[in-house]
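Asks: Sequence plus the predicted model coming up.
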Amino acid sequence: MLALQEYGYLVRGGVDTSLDCASLGETAFDALEVAFYDGLQPEAEEQMSGPFLEPAREGGRKAFKVANWVGVLSVGGVSIEVLPKTATNRAQGRQLLLNMLRLTQAANFKVFSSHAFAPERMSMYEIFMRIFLDHALHVVKRGLRRDYVECEENRQCFKGRLLVAQNLRLNLGMHHRVYTVADEFIEDRPANRLLKKAIEHVRRKSIQMDSQRLAQELLFAFKEVPASRNVDADFRRLRLDRTMQHYRPALTWAKWLLKGLSPFDREGETEAPSLLFPMQRLFEEYVGGLLREVKVVGSLDLQPSKYYLINNPESFRLRPDFQFCFKGSLCIGDAKWKQLDQEAPNSRFGISQADLYQLYAYGHKYLKGNGRLFLFYPETESFCQWQDLCYEEGLQLSLIPVPLPDSEEVNLGSLAGKLQNRMLSAVGDRADVTCSK
């Protein structure tokens, strides 16, 4: 199992094993290269997150540079863990990724217990498969939901509605049979078919005896349900009413496992299981979750889209990550999964000029040029103190380091408290634009 950070290099051949550069065997690298150049495209829902790999050269060798996706990528029989770039070692990176997923995807991790199966000794993909099995077990304990399904059958007794054409074709001269269609109250419905397909997938892929045994027990509970033959079609047919909300986390994991959440959209089930998450989006959701817990933050609105950069004609919609009231003032915030350096020369902290232009536009459109803007960045050793910038008189920008959940025990309230203290310190006693509905 290889481990690599975001923006690290996968090189062809060699013995590199650092988080910045990992060597792939020639066979595995060639398989990855074929997948990349064969025209495999990002899934439509993930295109906004950008490409996962970029061709490059490192140390005179062919390489691929990994972008800001995290999770597990498997290719050519080799599994690669892609970890957040802020981690200093593999264990910290795995802990940070799992904790951020638990906090941002709380519903999909609600039965997750790290003490149940020793995740430190398992690959990331094994952890994901085990979490799915725990959710599937929760569904089975609540009972598989049935539905009325039209079933055509050549029966020995009359039931339902006669299908005249089929009956004449199949039963001419056979008076003891009748071909009918009838509504059957059975477990054969899209949700159950998808779960069984995912359980079979886990049974084949897992190398953990406990997971294989649990998968086999779950398959017994699904013995009356056929596995999905068309995953995409069954996901389109899904209808979850209020009696099936306990299915939602298990089906989310089933989709991730069966569809791969891979940057490549393959036809059919892939033999190289991947489960990747765009880190920028994950960080945005994490910061949004913390802001909900900050006591002095109110009226939080995620990604408002009220204004355009060009008014006539309306074009280039402006969509900041957060709009909220802070100490009675209207504020705009944006989260950036980038590393800053508070010791950088010229007091620029390594901040992107494009990000500053972006926040300036938000300030003039949403705050009318008078108020406070926040840029949230991950806390690192080189950026652990808030910084205050001034665009112009009345328009302030605060750079806030966001505490990360990189320890084994995570307390959301404690993390939100740290964030609140930094925001209060940056604002001080100054008041900006009064909040109004």
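Replies: That came through, no problem. Numbers count the residues shown, from 1 in each chain.

Asks: Poorly predicted segments of the protein, please.
Replies: Within the chain, the segments meeting pLDDT under 70 span 38-50, 76, 106-122, 260-273, 347, 408-409, 429-437.

Asks: Break it down into its structural domains.
Replies: 2-143+190-279, 147-186, 294-427 (automatic domain parsing).

Asks: Just send those domains back as CSV, with distance to residue 285 too.
Replies: All C-beta atoms are positioned from the backbone trio N, CA, C, and that covers glycine. Output for those, formatted as CSV (distance: least, CB to CB, whole Å):
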stretch, distance to residue 285
domain 2-143+190-279, 4
domain 147-186, 33
domain 294-427, 9
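
Asks: any chance of these in JSON lines, plus mean neighbour count and distance to residue 286?
Replies: Output for these, formatted as JSON lines (neighbours: other CB atoms under 10 Å; distance: least, CB to CB, whole Å):
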{"stretch": "domain 2-143+190-279", "mean neighbour count": "18", "distance to residue 286": "5"}
{"stretch": "domain 147-186", "mean neighbour count": "12", "distance to residue 286": "37"}
{"stretch": "domain 294-427", "mean neighbour count": "16", "distance to residue 286": "8"}
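
Asks: can you give me the helices in this protein?
Replies: 26-37, 90-104, 124-142, 164-171, 190-205, 209-221, 231-237, 248-259, 279-293, 353-366, 412-427 (DSSP state H).

Asks: I'd like these written out as JSON lines, with distance to residue 316 added.
Replies: Listed next are the helices of the chain as JSON lines, based on distance: least, CB to CB, whole Å:
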{"stretch": "helix 26-37", "distance to residue 316": "32"}
{"stretch": "helix 90-104", "distance to residue 316": "28"}
{"stretch": "helix 124-142", "distance to residue 316": "38"}
{"stretch": "helix 164-171", "distance to residue 316": "58"}
{"stretch": "helix 190-205", "distance to residue 316": "39"}
{"stretch": "helix 209-221", "distance to residue 316": "49"}
{"stretch": "helix 231-237", "distance to residue 316": "33"}
{"stretch": "helix 248-259", "distance to residue 316": "32"}
{"stretch": "helix 279-293", "distance to residue 316": "20"}
{"stretch": "helix 353-366", "distance to residue 316": "9"}
{"stretch": "helix 412-427", "distance to residue 316": "29"}
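
Asks: which one of those lies closest to residue 155?
Replies: Shortest distance between residue 155 and the helices of the chain, using CB to CB, is found for helix 164-171: 10.0 Å.

Asks: From the contact counts, what lies against that closest one?
Replies: Under the contact criterion of 3 or more CB pairs under 8 Å, 6 or more residues apart in numbering; DSSP states H and E, helix 164-171 touches strand 147-155, strand 178-186.

Asks: Give me the contact list for stretch 18-35.
Replies: Residues outside stretch 18-35 that contact it (CB atoms under 8 Å, 6 or more residues apart in numbering): 2-5, 8-17, 53, 58-59, 62, 64, 75-78, 80, 83, 87, 89-90, 93, 264, 272.

Asks: Residue 75: what's it in contact with?
Replies: Here residue 75 is in contact with 24, 28, 31-32, 35, 272 (criterion: CB under 8 Å, 6+ apart).

Asks: Which of the residues you listed sits closest to residue 203?
Replies: For the contacts of residue 75, the nearest to residue 203 is residue 272 (17.7 Å; CB to CB).

Asks: rewinding a little: any chance of TSV for the helices and strands packed on helix 164-171, columns distance to residue 394?
Replies: Below are the helices and strands packed on helix 164-171 laid out as TSV (distance: least, CB to CB, whole Å):
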stretch	distance to residue 394
strand 147-155	60
strand 178-186	66
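
Asks: which stretch among these comes nearest residue 298?
Replies: Taking the helices and strands packed on helix 164-171 one by one with CB to CB, strand 147-155 is closest: 42.8 Å.

Asks: Out of the helices and strands packed on helix 164-171, the one nearest residue 428 is which?
Replies: Among those, strand 147-155 sits nearest to residue 428 (CB to CB), with 59.2 Å.

Asks: Output the contacting helices and strands for that closest one.
Replies: With contacts taken as 3+ CB pairs under 8 Å, 6+ apart, strand 147-155 sits against helix 164-171, strand 178-186.

Asks: wait, residue 247 sits on residue 253?
Replies: No - contact between residue 247 and residue 253 fails when scored by CB atoms under 8 Å: they sit 10.9 Å apart.
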